[in-house]
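Colleague: predicted model and sequence follow; I will ask about them next.
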Amino acid sequence: MTERQRTALLALPDTEVDVVRYHSLSADDLAAIAEARTPQTRLGYALQLCCLRYPGRYLRRGELLPAVMLDHISEQIDVDADAIASFARRAPTRYEQLATIKRRHDYRELTRPVRAALAADLLNDAIGLIDGRVLIDRLVLKLRAERIVIPGVTVIERMAAEAMHAASLIVINDIAGRLSSEQRSGLDALLSEKENARKSRLSWLREPSARVGSRSLAEILDKLDLVRTSNVGTLDLPNRYHPRLALMAREGVRYTAQAFQQMGSSRRYAALVATLHELEAVLTDAAIMMFRSLVARANLNARKRLEATIAASADGGRARLLRIADVLETMTKAARTGTDIITAVTAVAALDIIDADAALIRRTIKPGRVDVVGELGAEYRVFKQAGARFVANFVFEGRATTFTLRTAVAVLADLGGDWRKAMPSTAPLGHIERRWHRYVVDGGGVDRAYWELATYFALADALTAGDVWVPTSRLHRSLDVLLAAPAVLPTPARLPPVLSVSAGEWIAGAEAELDAALLELAGELSNTDPALFAGDRLRFPKESRDVDDDRAKQLAVRSYGLMPTMRITDVLASVNRWTGFVSHFGHVSSGLPPAEERPFLAAMIAEATNLGLSRMAEVCDAGSRRALLRMQTWHMREETFRAGLGCLTDAIHAEPLAAWFGSGVRASADGQAFYLGGPGEAGGLVNAHYGRDPIVKIYTTITDRYAPLHQTIIAGTAGEAMHTLDGLCGHASSVDVGALHVDGGGVSDIVFAVMHLLGVEFEPRIPRLSDRRLYAFEPRARYGRLAPLFGQRLDRKLIYDHWDEIAPIIAAMRNRIVTPSLILKKLSAYRQQNGLAAALREIGRVRRTLFTLRWFADPALRRLVTAELNKGEARNSLARAVAFHRLGRFYDRGHENQQTRAAALNLVTAAIILFNCRYLDRALGELRSRGQTIDETLIPQLSPLGWDHINLTGDYVWSDATMLDRDGFMPLRSQVA
């Protein structure tokens with residue numbers, strides 16, 4: 001443990017709640033204490049008894065007692081707290097009292113026999129644990145429960161460490177002992193045999209996928225075949241081994257082949273088994289994702305071909321129409337003169353040309369959506385081999401409604417893309433969508449190419465929707481399995497209390513609230529500006545933009561002008577000195593924090609600024625590239641970034657100045673696009689909104705006090721609505737968020753529903769809100785002039801029937817069993833007729849309609865939402881300034897590397913925000929001390945996002961002799977710059 005953890009483990013209680021809970025004395029206790037003769041000895045007896053009960057150790061000689069503890073105990077025994085100064089002037093008095101307390105209250109020492117019995121229990125618990133601190137906590141609780149005096153912290157640490165080490169050896173030897181000689185040889189071959197001159201097979205297995213294509217899918221399937229040939233998936237390991245397997249897998253994906261070969265044989269085999277288990281799930285997800293991407297690309301290619309054809313037909317449209325006019329005129333003349341029509345027509349143009357003209361004209365003027373299915377035939381070559389191999393590699397399970405589709409998939413696997421095999425006459429057609437029928441069923445027969453394409457596309461849709469799943473996948477498992485999985489994070493999300501009402505109670509309350517709000521608005525329309533209601537739309541008033549307050553700008557200039565100029569290295573060092581956030585970045589194996597601060601911070605800055613480790617090692621004096629790489633590899637991962645960011649978020653919220661920026665219960669989320677360059681381009685997607693270069697988005701959640709809560713990398717074309725809840729449920733800070741604001745990309749009916757059921761107010765800024773429909777349980781005619789704005793009536797029965805299915809989903813999100821974005825993706829992809837998704841949409845429509853009415857009636861709400869979203873956009877500017885190097889383009893190809901870069905960027909911006917909050921507060925105090933009047937109404941308009949005083953680029957060294965004042969701060973500048 002760290003020194004801070006050791007101190008906290010057996011610390012005396014220092015809050016009133018804990019003191020009352022642990023140090024309240026019973027009548028028997030008071031009677032025993034009363035036997036002491038003097039007030040001093042009675043107080044000493046009570047203090048030693050309470051200390052033995054909690055934290056469970058001896059009261060140390062000369063130990064400083066928390067005032068709240070001393071006052072509470074002395075008050076119960078009616079002794080002045082000052083009497084403690086006269087206690088135990090004679091050392092024997094203290095020891096005599098301890099002996100009496102232990103004998104009377106059945107306390108005993110941790111003797112060798114007792115320790116041996118505890119060690120056996122500890123070993124049993126340790127097998128299923130990977131965090132030794134959890135085992136220490138269990139040991140301390142057990143010692144308290146059995147009234148065993150807790151010895152020194154080092155003894156406790158040693159007992160837990162011995163149990164963890166012994167448990168590790170048991171698991172490793174058991175796994176290695178289950179392997180056959182053939183399996184061991186296969187595992188050794190992964191390390192010794194080369195995929196090419198520079199790369200072992202294990203390294204090849206861990207490489208991220210290249211661009212979307214059938215070759216990439218084939219390569220992923222080749223990797224899966226290699227993993228499966230090891231047969232480690234057939235090992236039946238106990239469930240309690242899974243945490244240790246997960247830990248060994250986290251280590252295994254970081255070890256080189258040479259590092260594996262230097263291990264002992266048992267440990268090597270166990271680590272390889274765990275790594276291959278993890279790789280099988282990762283590769284399965286990668287294969288499914290690549291297959292879905294191939295389907296999406298085929299659709300895109302077909303649409304582009306259709307658009308090109310239509311464009312070409314438009315270019316030659318005049319000539320074509322003239323040709324058709326000539327044909328019609330010739331036919332008319334031939335009919336009137338009695339000449340042969342066919343001869344006359346073919347003299348103008350060949351029949352094939354006329355047929356082509358007619359087909360193009362029909363496709364050009366056809367109403368409704370364009371039909372791209374006719375252009376998909378050219379994409380069959382992509383799926384002929386890769387698709388057949390894909391479906392043959394996995395076991396597909398699904399709902400009963402997908403039986404026909406799964407039967408068709410089995411036929412595809414059997415055919416294997418080999419046209420020498422005849423397609424069975426019993427091949428099912430029930431899974432074919434209507435838009436495919438005219439191409440699949442051709443002249444009474446079945447067009448095999450289109451039948452296979454239709455089946456592949458239906459399988460991709462079913463995998464996306466969760467109607468079909470793959471048991472060996474981590475992301476594409478059944479919804480029931482996902483909800484029953486162990487929690488991803490140990491504690492529930494910090495959210496408002498859950499709604500505990502029945503379906504009937506909720507529907508009755510929602511119906512009454514919705515009906516009253518709609519009737520109120522309908523009644524007010526006659527007194528409202530007529531311009532606000534026109535036709536079948538509710539016209540929302542435009543908000544006047546706030547006029548910039550010059551006084552607020554002047555205050556910001558004066559305040560920032562006093563702040564010291566510092567390098568980003570010194571900023572992070574200062575913030576770590578205040579908060580100790582670096583200690584949260586434990587080693588993958590040991591959990592210990594980085595041994596050296598500067599190499600770790602250098603690696604963090606290299607990731608955040610987009611400079612890269614190699615260049616950072618050249619320009620800073622913190623260590624070599626290998627030293628920085630070790631810090632990144634072994635200390636930087638999702639859970640450590642989450643803990644470190646949570647530490648900084650709590651620190652920002654504790655700053656007095658931050659309270660001026662917001663109440664601390666609101667948050668906003670927004671996506672920020674970053675262009676990809678170099679190798680990173682292979683893993684990106686092009687979003688036309690941002691240009692023609694591939695991008696990824698960092699979706700970030702921040703509080704109304706500018707404190708970042710969470711970040712995640714999403715695809716450039718991914719919808720943001722799926723990720724709105726990830727920040728609320730996935731952060732590690734103590735912030736309780738009660739309201740969330742997002743822009744239009746983060747809005748959907750299902751998100752409205754889930755937010756409401758989690759107890760969070762969802763207040764987005766919805767674009768074109770006047771185009772959205774209103775919904776009600778009652779007929780639309782009830783609401784007078786509002787009637788044209790309504791969609792279909794809400795279905796009470798649908799909500800009632802599926803209410804019990806919704807509860808486990810909400811509980812899984814709250815308890816952090818599954819990432820909300822994963823559940824929301826599945827629910828949003830469900831077909832309209834899926835009852836669960838439809839019920840959530842109905843709930844969401846209720847909440848969205850109520851929010852629409854609030855938005856219309858409450859100008860303050862509109863201003864508040866806009867102001868909160870502006871904070872997120874301003875924070876994006878800071879993030880853009882930090883990630884400056886390489887033109888701000890990410891060169892990382894793998895998703896995990898991009899996540900690390902995004903997390904480092906978010907953490908560094910949080911450190912800058914905390915640094916600015918603390919020094920801005922001092923700057924304001926300095927201005928007041930100089931006799932300048934500060935208008936407090938202007939303070940909320942300040943922003944802790946400035947960076948002109950921080951050197952972000954080019955100077956990455958640490959100041960060895962920083963001049964600090966008596967409070968530990970850099971002195972402010974004497975004059976405003």
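Modeller: Noted; the coordinates are in hand.
Colleague: wait, is Pro113 part of a helix?
Modeller: Yes - the assignment for Pro113 (DSSP: H, G, I helix; E, B strand; the rest coil) places it in a helix.
Colleague: what separates it from Lys102, distance-wise?
Modeller: Look at Pro113 and Lys102: by C-beta to C-beta, to the nearest Å, they are 17 Å apart. C-betas here are computed from N, CA, C, even on glycine.
Colleague: what about the two, which has more around it?
Modeller: Legend: neighbour count by other C-beta atoms under 10 Å for Pro113 and Lys102, higher for Lys102 (17 against 8).
Colleague: now that one: which helix or strand?
Modeller: Assessed by DSSP states H and E, Lys102 sits inside helix 91-104.
Colleague: correct me, but Gly132 touches Ser589?
Modeller: No - using C-beta atoms under 8 Å, Gly132 makes no contact with Ser589, being 11.1 Å away.
Colleague: wait, Glu280 sits on Gly233?
Modeller: Yes - counting by C-beta under 8 Å, Glu280 touches Gly233, with 6.3 Å between them.
Colleague: between these two, what contacts are shared?
Modeller: Both Glu280 and Gly233 are contacted by 227, 472, under the criterion C-beta atoms under 8 Å, 6 or more residues apart in numbering.
Colleague: neighbour count: these two, which is higher?
Modeller: With neighbours defined as other C-beta under 10 Å, Glu280 and Gly233 compare such that Glu280 has more, 21 against 12.
Colleague: follow-up on the earlier one: in the helix holding Lys102, which residues are buried?
Modeller: By neighbour count on 16 or more other C-beta atoms under 10 Å, the buried set for helix 91-104 is 94, 97-98, 100-102.
Colleague: just put the residues you listed in a markdown table and tack on pLDDT and distance to Gly745.
Modeller: Listed next are those as a markdown table, based on pLDDT from 0 to 100; distance: C-beta to C-beta, whole Å:
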| residue | pLDDT | distance to Gly745 |
| --- | --- | --- |
| Arg94 | 78 | 67 |
| Gln97 | 86 | 68 |
| Leu98 | 88 | 66 |
| Thr100 | 90 | 70 |
| Ile101 | 91 | 65 |
| Lys102 | 91 | 65 |
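Colleague: could you pull out the strands for the stretch 601-750 of the chain?
Modeller: Counting by DSSP state E, counting those that start in this stretch, the stretch 601-750 of the chain has strands at residues 666-675, 685-686, 694-703, 708-715, 739-742.
Colleague: contacting residues around Ala485?
Modeller: Going by C-beta under 8 Å, 6+ apart, Ala485 touches 817-818.
Colleague: weakest of the strands of the stretch 601-750 of the chain by average pLDDT?
Modeller: Lowest mean pLDDT within the strands of the stretch 601-750 of the chain: strand 685-686, a mean of 72.
Colleague: which strands border it, and is each parallel or antiparallel?
Modeller: The strands that strand 685-686 pairs with in its sheet are strand 694-703 (antiparallel) (by DSSP bridges).
Colleague: quick one: the partner strand to strand 708-715, angle?
Modeller: 160 degrees (axes from the mean of the first three to the mean of the last three C-alpha atoms, to 10 degrees).
Colleague: take strand 694-703, keep the C-alpha atoms, and write them as CSV.
Modeller: This file holds the C-alpha atoms of strand 694-703, laid out as CSV (Å, rounded to 0.1, in the frame of the first residue of the first chain):
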residue,chain,number,x,y,z
PRO,A,694,-11.1,10.1,-41.7
ILE,A,695,-11.9,11.1,-38.1
VAL,A,696,-12.7,9.8,-34.7
LYS,A,697,-14.7,11.6,-32.0
ILE,A,698,-13.9,12.1,-28.4
TYR,A,699,-17.2,12.2,-26.5
THR,A,700,-16.6,14.1,-23.3
THR,A,701,-18.9,14.7,-20.3
ILE,A,702,-18.1,17.8,-18.0
THR,A,703,-19.9,19.2,-15.0
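Colleague: quick check, Asp326 in contact with Val348.
Modeller: Yes - counting by C-beta under 8 Å, Asp326 does reach Val348; the two are 4.9 Å apart.
Colleague: CA-only coordinates of stretch 391-400 in PDB, if you can.
Modeller: Taking C-alpha atoms only, stretch 391-400 is exported to PDB below (Å, rounded to 0.1, in the frame of the first residue of the first chain):
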ATOM      1  CA  VAL A 391     -20.600 -17.700 -41.000                       C
ATOM      2  CA  ALA A 392     -18.800 -21.100 -40.800                       C
ATOM      3  CA  ASN A 393     -16.500 -19.800 -38.000                       C
ATOM      4  CA  PHE A 394     -19.100 -19.000 -35.400                       C
ATOM      5  CA  VAL A 395     -22.100 -20.500 -33.600                       C
ATOM      6  CA  PHE A 396     -25.100 -18.200 -34.000                       C
ATOM      7  CA  GLU A 397     -27.800 -18.200 -31.500                       C
ATOM      8  CA  GLY A 398     -30.900 -16.000 -31.300                       C
ATOM      9  CA  ARG A 399     -34.500 -15.400 -30.600                       C
ATOM     10  CA  ALA A 400     -37.200 -17.800 -31.800                       C
END
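Colleague: now that stretch: mean pLDDT?
Modeller: Per-residue scores along stretch 391-400 average to 92.
Colleague: same question, stretch 76-90
Modeller: pLDDT averaged over stretch 76-90 gives 78.
Colleague: I'd like the distance from stretch 864-877 to the chain centre, please.
Modeller: Relative to the centre of its chain, stretch 864-877 is centred 21 Å away, using C-alpha atoms, centre = their mean, to the nearest Å.
Colleague: that older thread, for Arg494, find the nearest of the strands of the stretch 601-750 of the chain.
Modeller: When the strands of the stretch 601-750 of the chain are compared by C-beta to C-beta, strand 708-715 sits nearest Arg494, at 10.2 Å.
Colleague: in contact with the closest residue to Thr700 other than its chain neighbours, which residues?
Modeller: Among residues not flanking Thr700 along the chain, Gln711 sits closest, at 4.6 Å (C-beta to C-beta, 6 or more residues apart in numbering). Neighbouring residues of Gln711 by C-beta under 8 Å, 6+ apart: 698-701, 727, 902-903, 905-906.
Colleague: which one among those residues gets closest to Glu375?
Modeller: Set against Glu375, the nearest of the contacts of Gln711 by C-beta to C-beta is Tyr699 (33.8 Å).
Colleague: that closest one and Ala867: what is the separation?
Modeller: Relative to Ala867, and taking C-beta to C-beta, Tyr699 is found at 20 Å.
Colleague: more crowded one of those two?
Modeller: Neighbour tally, Tyr699 and Ala867, criterion other C-beta under 10 Å: the higher count belongs to Tyr699, 26 against 15.
Colleague: residue ranges in the stretch 351-500 of the chain under the pLDDT threshold?
Modeller: By pLDDT under 70, the weakly predicted segments of the stretch 351-500 of the chain are 360, 362-370.
Colleague: so where do the helices sit in it?
Modeller: For the stretch 351-500 of the chain, applying DSSP state H, counting those that start in this stretch gives helices covering 351-365, 380-392, 403-415, 434-440, 448-465, 479-484.
Colleague: closest one to Ala126 among the ones you listed?
Modeller: Shortest distance between Ala126 and the helices of the stretch 351-500 of the chain, using C-beta to C-beta, is found for helix 479-484: 25.3 Å.
Colleague: can you give me the buried ones in the closest one?
Modeller: Buried residues in helix 479-484, defined by neighbour count with 16+ other C-beta under 10 Å: 479, 482-483.
Colleague: got the contact list for the spatially most central residue of the chain?
Modeller: Using C-alpha atoms, centre = their mean, the residue of the chain that lies closest to the mean C-alpha position is Asp726, 4.5 Å off. By C-beta under 8 Å, 6+ apart, the contact list for Asp726 reads 699, 701, 710, 712, 819-821.
Colleague: cheers, nothing more for now.
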